[in-house]
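1. Quick check, what structure comes out for this input:
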Amino acid sequence: MEQFIRKISATIALVILFLLSASIYLQLKGFERDEKDFLVLRKAYAADEQSAKKEIPANFAFPQDHVLGKSDAKVTVYEYSSFACTHCADMHLEVMPEIIKKYVSAGLVKMVFVPLPLDKNSMDAALLAECVKKDKYFDFANVLFKHQRDWAISFTPLKVLRQYAKLSGVSDAQADACLKNDKTAARILGDRKAGLSELGIQGTPSLVVSSNGHNEMLSGAQSYEDLAAVIDRHLGKIYNSSVE
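-> Numbering: from 1, shown residues only. Next up, the predicted model:
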């Protein structure tokens, strides 16, 4: 019995240490929880405190690595998201499928997923996602979000992530290569840096709805109704201007 109690105590201590370490890591990176439990950047850490209030430049070079929908769609929705973010998972799994069904499938909107890792686990997930076949990227993203709790709170998150990658056709050797690919890592972190400093992203998820050079930032998880209303407004401007 004494040995059992010791094992339980050791396990509890490890859990507390893990949670404390994660909290300290995020604080060092400039992240904290807001009143709604969103993971956001502290204002003092942001490259430009006022950037979120500024108009996004029409010529901003958005990433185009992971696109879903027709290339000539009139409106683009850029989804800046972390694979380890719970609010990101909720929006990606509950809201985005409805947007895809109504707008993307109709050729009106294309979606671009931009990974914005907040910690090592979400960075590893983003790197492994680059391993899957290009046309399977969104399927793998869905898997990562759907099973987020399984790997995000695991004591061996990378091992679990590699298992999901393997089920998606990624060999161990390919996974090793992707996790060590400095070029890919630099691109992902470059997109993250541009999102934080140039777009003024303060937390995940963040969306940018873009059309005709007009870019509109939406911070935080959006409901289907709110996101659809913004898309409809952009589409309305496009078709109204074409009639005039």
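
2. From now on I want contacts and neighbour counts done on CA atoms only, so please keep to that.
-> Noted.

3. ok, so what distance separates the residue sitting nearest the centre point of the chain from Asp119?
-> Among the residues of the chain, the one closest to the centroid is Ser81, at 1.4 Å (Cα atoms, centre = their mean). Separation of Ser81 from Asp119 (Cα to Cα, to the nearest Å): 12 Å.

4. hmm, back to that, got a list of what the residue nearest to the centre of the chain touches?
-> By Cα atoms under 8 Å, 6 or more residues apart in numbering, Ser81 lies in contact with 88, 113-117, 204-206.

5. tell me which of these is nearest to Pro57?
-> Distance to Pro57 across these (Cα to Cα) is lowest for Ser206, with 16.7 Å.

6. the bottom helix or strand of the chain by mean pLDDT?
-> Least confident helix or strand, the chain: strand 39-41 with a mean of 46, by mean pLDDT, DSSP states H and E.

7. Which is the succeeding secondary structure element to that strand?
-> Per DSSP states H and E, the first helix or strand lying C-terminal to strand 39-41 is strand 67-68.

8. Tell me how far that following strand lies from the chain's centre.
-> Taking Cα atoms, centre = their mean, to the nearest Å, one finds the center of strand 67-68 at 14 Å from the center of the full chain.

9. Indicate each strand paired with it and its parallel or antiparallel sense.
-> strand 109-115 (antiparallel) (DSSP bridges).

10. Low-confidence ranges, this structure, go.
-> The chain contains residues with pLDDT under 70 at 1-54, 239-244.

11. Helices of that one, residue ranges please.
-> Using DSSP state H, the helices of the chain run over residues 2-28, 86-94, 96-99, 120-129, 137-146, 148-152, 157-167, 172-179, 182-197, 224-243.
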